[in-house]
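*Asks:* Below are the sequence and a predicted model; questions follow.
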Amino acid sequence: MATTADIQPQPRGDGKVHGEAPRGNQRLALGDRTNFEAGQVKIEGKPPVQITRRITRSFHAQLLANAQKNNVNPVLVPGVVDKVAHNGKCALAKKVTKKAIDEDVIVTSSDEEKEKSVNRCKQVQGSRKEVKTLTSILTARSKAMACGVTNKPNEQIVDFDETDANDELAVVEYVDELYKFYKLEEDDSRVGDYLDKQPDINSKMRSILLDWLIEVHRKFELMPETFYLTVNIIDRFLSRRMVTRRELQLVGISSMVIASKYEEVWAPQVNDFVCLSDYAYTGDQIRLMEKAILEKLEWYLTVPTPYVFLARYIKASISPDDEMKNMVFFLAELGVLDYQTTIWYSPSMIAAAAVYAAHCTLKKKPLWTETLKHHTGYSEEQLRECAKALVGFHLKAAESNLKAVYRKYSKPEYGAVARLTPAKSP
């Protein structure tokens, strides 16, 4: 059996020998050093004492207290490391400097001592006096002002589509996306100032034609969508082809024939339009013009007219009554009848301005809500100019030579809203 003396140090792969003491600046690896290996206390005049327990902060303080009591100067061997870990984290090492010794002593704190050290650090940090800079003061004031603004109660946007959740025709899941698409597409179906290119007709002739078509529309009891699509077809065709004064009424009749076929379930016959035009045109002439219009417009009839937006914006008014609905349609038709209004303002703005002007006329409070602003995309300031124009048309409707709209909305079936006092100022 081999003795201790017979065991020779075995060389390692790096050329060093196991068990060989470190030389010079060579330091032991962290895994080879423990508190048990280096935990010695040197006291002057006495042999070193071997320590058999881990050196924690509390134990280190106890050693210092005992040394001071015996009037000796203890020195802990530097480089003591505790490898105890808690929750996968190594224990926190901290340098403790003794006033009488210039050498740093590393002491490992145990888990019990961590809380005390954290609390002590908090007390030290809290004792420092805060220096307030101008930037911090201004930032604090800005936050206080922002909190004051946000704390104000904001009007909530009402989900008026909730009642139609079970109505498949209301397409509640897609309605918001549909109207976003309409807002993007409405500019493509708008026309510019085309009357400069029409030497034989003017804006007054256009108004006379539309005034007559309103009467025809009422006679056939057509849908509102049909009238607004008729106006759109007329304007787009006149912007692409020169028309004589003799053909203008023919363009109007043929446009309403197209719109009726597109919107109505039971569209009027061509012969019915011939009769209403007092036989000014034959059926063949109407069909030829109908074909010319469709070719010029490239069969593009699915356009967002003011009615598309009127239906949505009236609903956004939250439980509007019949008087409100009739007033909105009355103001919108007055706006469409005017050439400048149709050219200057988009269909969505005319519809939104009609709703706003109706609120002003009927003195509905509030005049404009967050729900309407959200769904229309317009504020009161943006609508005020167009609304003033619509109120001006209402003010002059009773004395105008073109009374088709006024007569229509003066009847009891429309609540006689045309006879109501116009709004003073939108």
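*Replies:* Received it, and whenever you're ready, just let me know what you need. Residues are numbered from 1 along each chain as shown.
*Asks:* Low-confidence stretches in the stretch 51-200 of the chain?
*Replies:* The stretch 51-200 of the chain contains residues with pLDDT under 70 at 51-55, 69-155.
*Asks:* now the strands: where do they sit in the stretch 201-350 of the chain?
*Replies:* Read by DSSP state E, counting those that start in this stretch, the stretch 201-350 of the chain holds no strands at all.
*Asks:* Can you give me the domain assignment for the chain?
*Replies:* What automatic domain parsing lists as the domains of the chain is 33-121, 169-419.
*Asks:* Deepest-packed of those domains, please.
*Replies:* domain 169-419 (a mean of 18; mean count of other CB atoms under 10 Å). In short, each C-beta sits where N, CA and C put it, glycine included.
*Asks:* Straight-line length of it, end to end?
*Replies:* 35 Å (CA to CA, to the nearest Å).
*Asks:* same deal with stretch 192-203?
*Replies:* Stretch 192-203: ends 13 Å apart by CA to CA.
*Asks:* please renumber so the chain begins at 21
*Replies:* Will do, 21 is the new start, and the previous item becomes stretch 212-223.
*Asks:* possible to save the domains of the chain as CSV with distance to Val178?
*Replies:* Output for the domains of the chain, formatted as CSV (distance: least, CB to CB, whole Å):
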stretch, distance to Val178
domain 53-141, 52
domain 189-439, 5
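*Asks:* out of these, which comes closest to Asp181?
*Replies:* The closest of those to Asp181 is domain 189-439. By CB to CB, the value is 4.7 Å.
*Asks:* Report pLDDT for Arg47.
*Replies:* As predicted, Arg47 sits at a pLDDT of 51.
*Asks:* Also Glu353?
*Replies:* Reported pLDDT at Glu353 in the predicted model: 96.
*Asks:* Name the nearest residue to it, ignoring sequence neighbours.
*Replies:* Distances taken as CB to CB, 6 or more residues apart in numbering place Val425 nearest to Glu353, at 5.0 Å, with adjacent residues excluded.
*Asks:* what's the answer for Leu230, then?
*Replies:* Using CB to CB, 6+ apart, the nearest residue to Leu230 is Leu357, at 5.3 Å.
*Asks:* Could you say which helix or strand holds Thr381?
*Replies:* Applying DSSP states H and E as the criterion places Thr381 in helix 367-382.
*Asks:* same for that helix, what does it pack against?
*Replies:* helix 326-335, helix 342-357, helix 390-396, helix 400-416 (3 or more CB pairs under 8 Å, 6 or more residues apart in numbering; DSSP states H and E).
*Asks:* picking that back up, so which helix or strand takes in the residue nearest to Glu353?
*Replies:* helix 424-428.
*Asks:* Quick one: mean pLDDT for that helix?
*Replies:* 95.
*Asks:* quick one: contacts of it?
*Replies:* Residues from elsewhere that reach helix 424-428 (CB atoms under 8 Å, 6 or more residues apart in numbering): 231-232, 234-235, 238, 350, 353-354, 357, 417-418, 420, 434, 438.
*Asks:* Show me the helices in the stretch 221-370 of the chain, by range?
*Replies:* 223-240, 244-258, 265-283, 290-296, 303-316, 326-335, 342-357, 359-364, 367-382 (DSSP state H, counting those that start in this stretch).
*Asks:* Figure out which of those is closest to Ala409.
*Replies:* helix 359-364 (5.8 Å).
*Asks:* who's in contact with that closest one?
*Replies:* Outside helix 359-364, the residues that touch it by CB under 8 Å, 6+ apart are 211-213, 215, 223, 226-227, 251, 255, 355-356, 370, 406, 409-410.
*Asks:* Tell me the one among the residues you listed nearest to Glu197.
*Replies:* Closest approach to Glu197 among the contacts of helix 359-364 (CB to CB): Ile370, at 22.4 Å.
*Asks:* isn't that closest one right next to Thr325, touching?
*Replies:* No - with contact defined as CB atoms under 8 Å, Ile370 does not reach Thr325; the gap is 9.8 Å.
*Asks:* mind listing what the residue nearest to Val211 when sequence neighbours are not counted touches?
*Replies:* Of all residues not flanking Val211 in the chain, Ser259 sits nearest, at 4.2 Å (CB to CB, 6+ apart). Counting by CB under 8 Å, 6+ apart, Ser259 makes contact with Val211, Gly212, Tyr214, Lys217.
*Asks:* Throw those into a markdown table and include distance to Leu387 and secondary structure, thanks.
*Replies:* Output for the contacts of Ser259, formatted as a markdown table (distance: CB to CB, whole Å; DSSP: H, G, I helix; E, B strand; the rest coil):
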| residue | distance to Leu387 | secondary structure |
| --- | --- | --- |
| Val211 | 31 | coil |
| Gly212 | 32 | coil |
| Tyr214 | 35 | coil |
| Lys217 | 40 | helix |
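*Asks:* which one of these sits closest to Ser430?
*Replies:* Of all the contacts of Ser259, Ser430 sits closest to Val211, with 30.9 Å by CB to CB.
*Asks:* Correct me if wrong: that closest one contacts Arg256.
*Replies:* Yes - using CB under 8 Å, Val211 is in contact with Arg256, at 5.7 Å.
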